[in-house]
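After the sequence you'll find the predicted model.
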Amino acid sequence: MRHLLRLLPLLPILAFPACGGSGGSADPAAGTTGAVLVVVDTATGSDVTIQFQVEAAALEYPDGSTTGNLLANPHLVTLADPAGAVDGLVLRSAPSGEYAAIRLLLVPGSGSALLADGSVLPATGTVDVRVPIPDRLLHSSLATSWLVIGHNGQAPTAGSTAAWRPQLSARGDGAEVAFDDLQVAFVERPGFTGLAAELDRAPLRVSFAGDCAYRDRDDNLVTDANRFLDQIGDDRVRVRGELRRDGRCVAREAHRRGRNDNPRLIGRIAALEPTTLTFVMDVQAQNPRGGPRLNPLPAQIRVDVDGARLRRPNQAPIAFADLQVGHLVKVKWSSRSAPAGELPLFVATEVEVTGSAVPMQPEWQGRVDAVDTVARTITVVPRNDDPIVIDGVSVPSVVLSVDDDTRIERRARQGNGVTTIPLGDIVPDSDRIWWRGTVTGPDTIDATWVRVRED
């Protein structure tokens, strides 16, 4: 990374656009073969939105050396978002190899933080951000690799954005992720290939889990995959599922959504008007991935939600009565007008409401010390010199509780094969372990996902 750091005195201090990505090719024909597609999980549990301009990105080998810059153009990336919507980086033409980390070079002075009250503050961070890949990434230049990265450290707060230091790490193969607006390129029963706008329309192969929940445009349940695929047409599709590093996503939720190429408007509710099912919105930003920006961006608008779908980031439907002044909202709209003497009127098709920020989903790793199949617990200790940090405190051991809903997997010692296993198949003193879950005490966690591999 030293040759990248030497470029810093030559870098321009780039202006901070309102929202959304920049850089990279918008033409899917450019292809992504040989690329590493980095999916950024932006959930931090904070109501602060933070973006930085990334000037360069490289992959780090186990010996600490790096590739050259793999980022085709500077890219504005969202690192923290209250709604937890994913962002992405395309690292093109990555050489074949085994990689231990990603290195991101941030443009000094390019960071900005959008606070809950609508104010914007500068955000500073370390220039060279190292994102470790605990289980290493095996990449071939003849294929495309997908890699999810997410936060493990402290969430940004309104009073500390100027000194926030993101602590990111790569998630394991099969990390849960949601893509909001996949464009269906073609159907391959029993799945389809979708183009991910967050990653320069990279093709993602979607299959369906046996318990996948399918919904149509009106949020009605659809009985099976074939009926769901028959109805897609020109729709966009939202999927939530397990993203494999080879570009396959096993969906557990699939939702048809009408095509909408207008930019999504982001802001806060300033006033509620129940009699007309409208609200006044202070517009703070726009996400233009679907189409051109609104220029100029209106400072305040009126939003008609009479025919719109109101939902939480987790897709749970809500009613107009659930809205509150100050809520962060993301508005998809179908038409706009300018009534004389009134605020611009936008007719919404969908409003995503963030009453509380999507919580951070950290991922830990360690070495299995003991397994209790009666109490259904796993005792984990640090592996080598890598500490286990819970709520900012390094602990000598941690106890994981598992139940019938905990997904327990074993990854093959060589390759990417993954199989589901019972708790009793985990081997103390031999297995390396990764897990996600909910912290219940200083050294206890209710595990939702566990993966082991022979160390």
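Received the coordinates, thanks. What you are looking at is a predicted structure, and each value in this text was computed from that prediction instead of being measured.

which residues of the protein fall in helices?
For the chain, applying DSSP state H gives helices covering 2-5, 225-230.

mean pLDDT lowest for which of those?
Here the lowest mean pLDDT among the helices of the chain goes to helix 2-5, at a mean of 46.

R411: what's it in contact with?
135, 172-173, 417-418, 451-453 (CB atoms under 8 Å, 6 or more residues apart in numbering). The way it works is simple: take the backbone N, C-alpha and C, and place the C-beta from them, glycine included.

now R432, nearest residue through space, not along the chain?
Using CB to CB, 6 or more residues apart in numbering and skipping the chain neighbours, the partner closest in space to R432 is D455 (4.2 Å).

Pretty sure that neighbour sits against N384.
No. Using CB atoms under 8 Å, D455 makes no contact with N384, being 9.7 Å away.

Name the residue in the two with the higher neighbour count.
Comparing D455 with N384 by neighbour count (other CB atoms under 10 Å), the higher total belongs to D455, at 14 against 8.

Against D372, how distant is the more buried one?
Using CB to CB, to the nearest Å, one obtains 20 Å as the distance from D455 to D372.

Please name the residues that touch T78.
Contacts for T78 (CB under 8 Å, 6+ apart) come out as 19, 40, 42, 49-51, 85, 87.

one more time with 7 Å, if that's ok
Neighbouring residues of T78 by CB atoms under 7 Å, 6 or more residues apart in numbering: 40, 42, 49, 51, 87.

ok, now T157?
T157 neighbours (CB under 7 Å, 6+ apart): 46, 48.

mind redoing it with 10 Å?
Shown in contact with T157 (CB atoms under 10 Å, 6 or more residues apart in numbering): 44, 46-48, 113, 115, 164.

Kindly state the pLDDT recorded for the residue nearest to A338 when sequence neighbours are not counted?
Counting by CB to CB, 6+ apart, P344 is the residue found nearest to A338 once chain neighbours are left out, at 5.4 Å. Looking at P344, its pLDDT is 96.

Surely C212 touches E253?
Yes. Between C212 and E253 there is a contact under CB atoms under 10 Å: 6.8 Å.

surely R238 meets A254?
Yes. Assessed by CB under 10 Å, R238 is found in contact with A254 at 7.4 Å.

between these two, what contacts are shared?
182, 215.

Looking at the two, which one has more neighbours?
Neighbour totals were compared for R238 and A254, and A254 leads with 25 against 18 (other CB under 10 Å).

Write down the beta-bridge partners of the spatially closest residue to G191 that is not a sequence neighbour, one by one.
Spatially, and ignoring its direct neighbours in sequence, G191 is nearest to S207 (4.0 Å; CB to CB, 6+ apart). Using DSSP bridges, the bridge partners assigned to S207 are V250.

any idea how far S207 lies from R248?
Counting by CB to CB, the gap from S207 to R248 is 7 Å.

where in the stretch 151-300 of the chain is pLDDT low?
Applying pLDDT under 70 to the stretch 151-300 of the chain picks out residues 160-162, 288-292.

Quick check: the residue nearest to R432 touching W434?
No. Here D455 does not reach W434: they are 11.9 Å apart, not a contact under CB under 10 Å.

how about the strands in the stretch 101-250 of the chain?
112-114, 120-122, 128-139, 145-151, 168-170, 175-188, 191-196, 202-215, 221-222, 236-243, 248-257 (DSSP state E, counting those that start in this stretch).

of those, which approaches G64 most closely?
strand 128-139 (10.4 Å; CB to CB).

Please state the offset of that closest one from the chain centre?
Here strand 128-139 is found 17 Å from its chain centre; the criterion is CA atoms, centre = their mean, to the nearest Å.

Same check on stretch 185-200?
18 Å.

Next, the buried residues of it.
Residues 191-200 are the ones in stretch 185-200 that count as buried (16 or more other CB atoms under 10 Å).

shared neighbours, S207 and R248?
Going by CB under 10 Å, 6+ apart, residues that sit against S207 and also against R248 are 191, 241.

hang on, the earlier thing: tabulate the buried residues of stretch 185-200 (TSV), appending distance to A58.
TSV is the format used below for those (distance: CB to CB, whole Å):
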residue	distance to A58
G191	33
F192	33
T193	29
G194	28
L195	26
A196	22
A197	25
E198	21
L199	18
D200	18
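
Now do the contacts for the residue nearest to V48 when sequence neighbours are not counted.
Leaving out its chain neighbours, the residue that sits closest to V48 by CB to CB, 6+ apart is P156, at 4.6 Å. By CB under 10 Å, 6+ apart, the contact set of P156 is 44-50, 79-80, 113, 115, 123, 125, 162-166.
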